[in-house]
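Asker: Dropping a prediction and its sequence here:
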Amino acid sequence: MDGGRMHDLVRRLYPLCRSITGDGVRRTLDIVSEQIPLRVHEVPTGTPVLDWTVPREWNIRDAYIADGAGNRVVDFAESSLHVVSYSVPVSATMTLQQLRPHLHTLPEHPSWIPYRTSYYAPDWGFCLAQNTLDAMPEGDYDVHIDSTLAEGLLTYGEYVVPGQVADEVIVSCHVCHPSLANDNLAGIAVATALATGLSYQSPYYTYRFLFIPGTIGSITWLARNFEHVARIRHGLVLACAGDRGALTYKQSRRGDAEIDRVLRHLLHSSGRPHEIVEFSPYGYDERQFCSPGFDLGVGSLTRTPHAGYPEYHTSADNPDFVSAEAMADTLATCSEAFSILDRNRTYVNLSPYGEPQLGRRGLYDSLGGRSDAKQAQLAMLWVLNLSDGEHSLLDIAERAAMPFDAVAAAADALHEAGLLKGAEGT
Ligand code: ZN
């Protein structure tokens, strides 16, 4: 999937009213399943998951505020953001004064609709543009929310690309926000494209993609896969993957996990504008994967981080706010990072006494005429020198200040020539 296809997916998913449970999530996973055959899991309300409980399922069919003449001044059919997520049903006539405590606006951006939720306290409300509110005269309004909050299911999707080894890389994205493009849909689109690309390859690691509602979804997944967690070697939480800002990598709680080192190396050596930030127990599902009991090597890749842009959690985070180019760049960064993870091996030099004679083995000839011949030769010398069973190719790339690809290509050539063996005996 290229950037254009990812943008199409964002546009298609945009109108759906997603929440942490309900038909919006199901419909979203159905659409993703057209690209990659997701395994959809549903977990009943009331199921204990770690320190939490799966909540009641929320669904909404219609909602509006109508004036005395019956005109809908706020209409859920126009934007899924208009209703506070998890609003309980209401059907009443009330004055504007009575209604006001239930209305949410953004006075500093009077034409934008804010995004609000009330997952864990029974409440109801409407979100609307300040301009709309300002135009509402005093008087009686019909207020209607046709929703249900009932025993049901929490839904999430999973897709696995089998690898050569059972050790896993997890990629997770949240699917719980309604009409918000950068904050949820761009991550879904990039994850879908990544999974599609990997499904045509035979990666070294097994790659597990999780399309889950934020917080409660990752907690539910972790609770149901407690035994499985030991297989997770690396992971990335994808969010805010499509705005035009620079890439931001948030390190895992460990800070020195291999995924942290891979992203630092990749972003530095690629010349992309970027920022690397320390872990903090806030943000997206890295909070759960990096909770101290799990402490997984899971970082988070975004462009502008959450809450770092004024459009965040508003109707201005729409499909025009994200770009095909930015999503393609996020996708390329993830692909390059996984390619490094997959090739990062540790070797032993089989001819460690003095430098082996490269010319005799045709290793100089193979470089002839290459514009990067000097770098390729230097990469071979570094790999030979540091391949003592202790240094991985990433260690070597960092120490030599060379791109990982050059070091890995050198190792491949040396391995082919019989000068290296894998530290695990391969
Ligand atoms: Zn959000």
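Answerer: The structure has been received and is ready for your questions.
Asker: Skipping its backbone neighbours, what lies nearest Ala92 in space?
Answerer: Val143 (5.2 Å; Cβ to Cβ, 6 or more residues apart in numbering). (C-beta placed from N, C-alpha, C; glycine too.)
Asker: What pairs with the helix or strand where the one you found lies, parallel or antiparallel?
Answerer: Applying DSSP states H and E as the criterion places Val143 in strand 140-150. Strand 140-150 pairs in its sheet with strand 57-66 (antiparallel), strand 90-95 (antiparallel), by DSSP bridges.
Asker: follow-up on the earlier one: beta partners for the residue nearest to Ala92?
Answerer: Here Val143, judged by DSSP bridges, has bridge partners Ile65, Ala92.
Asker: Now do the contacts for it.
Answerer: 65, 90-94, 99, 102, 126 (Cβ atoms under 8 Å, 6 or more residues apart in numbering).
Asker: Spell out which residues make up each domain of this protein.
Answerer: 3-55+153-343, 60-150, 346-422 (automatic domain parsing).
Asker: End to end on the first one, go ahead and measure it.
Answerer: Okay, so that is domain 3-55+153-343. 26 Å (Cα to Cα, to the nearest Å).
Asker: Centre of the chain to that domain, how far?
Answerer: Offset of domain 3-55+153-343 from its chain centre (Cα atoms, centre = their mean, to the nearest Å): 2 Å.
Asker: which residues of this protein score low on pLDDT?
Answerer: Applying pLDDT under 70 to the chain picks out residues 365-370, 425-426.
Asker: Can you name the element that comes right after the lengthiest helix in it?
Answerer: Ranked by number of residues, the top helix in the chain under DSSP state H is helix 324-343. Counting by DSSP H and E, the next helix or strand C-terminal to helix 324-343 is strand 346-349.
Asker: helices or strands up against the very next helix or strand once past that next one?
Answerer: As assigned by DSSP H and E, the chain's next helix or strand after strand 346-349 is helix 373-386. Helix 373-386 sits against strand 346-349, helix 393-400, helix 404-416, with contacts defined as 3 or more Cβ pairs under 8 Å, 6 or more residues apart in numbering; DSSP states H and E.
Asker: switch the cut-off to 10 Å
Answerer: Using 3 or more Cβ pairs under 10 Å, 6 or more residues apart in numbering; DSSP states H and E as the contact test, the elements touching helix 373-386 are strand 346-349, strand 388-392, helix 393-400, helix 404-416.
Asker: how about the helices in the stretch 101-250 of the chain?
Answerer: 130-134, 187-199, 216-224 (DSSP state H, counting those that start in this stretch).
Asker: Quick one: closest of these to Tyr309.
Answerer: For the helices of the stretch 101-250 of the chain, the distance to Tyr309 is smallest for helix 187-199, at 14.9 Å, taking Cβ to Cβ.
Asker: What residues of the closest one count as buried?
Answerer: 187-195, 197-199 (16 or more other Cβ atoms under 10 Å).
Asker: Now it - C-alpha only, CSV.
Answerer: Coordinates of the C-alpha atoms in helix 187-199 are reproduced here as CSV (Å, rounded to 0.1, in the frame of the first residue of the first chain):
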residue,chain,number,x,y,z
GLY,A,187,-1.7,4.6,12.7
ILE,A,188,-4.3,2.1,11.6
ALA,A,189,-3.4,2.8,7.9
VAL,A,190,0.3,2.5,8.5
ALA,A,191,0.0,-0.7,10.5
THR,A,192,-2.2,-2.2,7.8
ALA,A,193,0.3,-1.2,5.1
LEU,A,194,3.2,-2.6,7.1
ALA,A,195,1.4,-5.9,7.7
THR,A,196,0.5,-6.2,4.1
GLY,A,197,4.1,-5.6,3.1
LEU,A,198,5.5,-8.1,5.6
SER,A,199,2.9,-10.7,4.6
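Asker: how many degrees apart are that helix and helix 324-343 in direction?
Answerer: 50 degrees (axes from the mean of the first three to the mean of the last three Cα atoms, to 10 degrees).
Asker: circling back: kindly present the helices of the stretch 101-250 of the chain as TSV, with separate columns for distance to His415.
Answerer: Listed next are the helices of the stretch 101-250 of the chain as TSV, based on distance: least, Cβ to Cβ, whole Å:
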stretch	distance to His415
helix 130-134	64
helix 187-199	24
helix 216-224	38
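Asker: Select, from the contacts of Val143, the two members most distant in space.
Answerer: It's Thr93 and Phe126 that sit farthest apart of the contacts of Val143, by Cβ to Cβ, at 14.9 Å.
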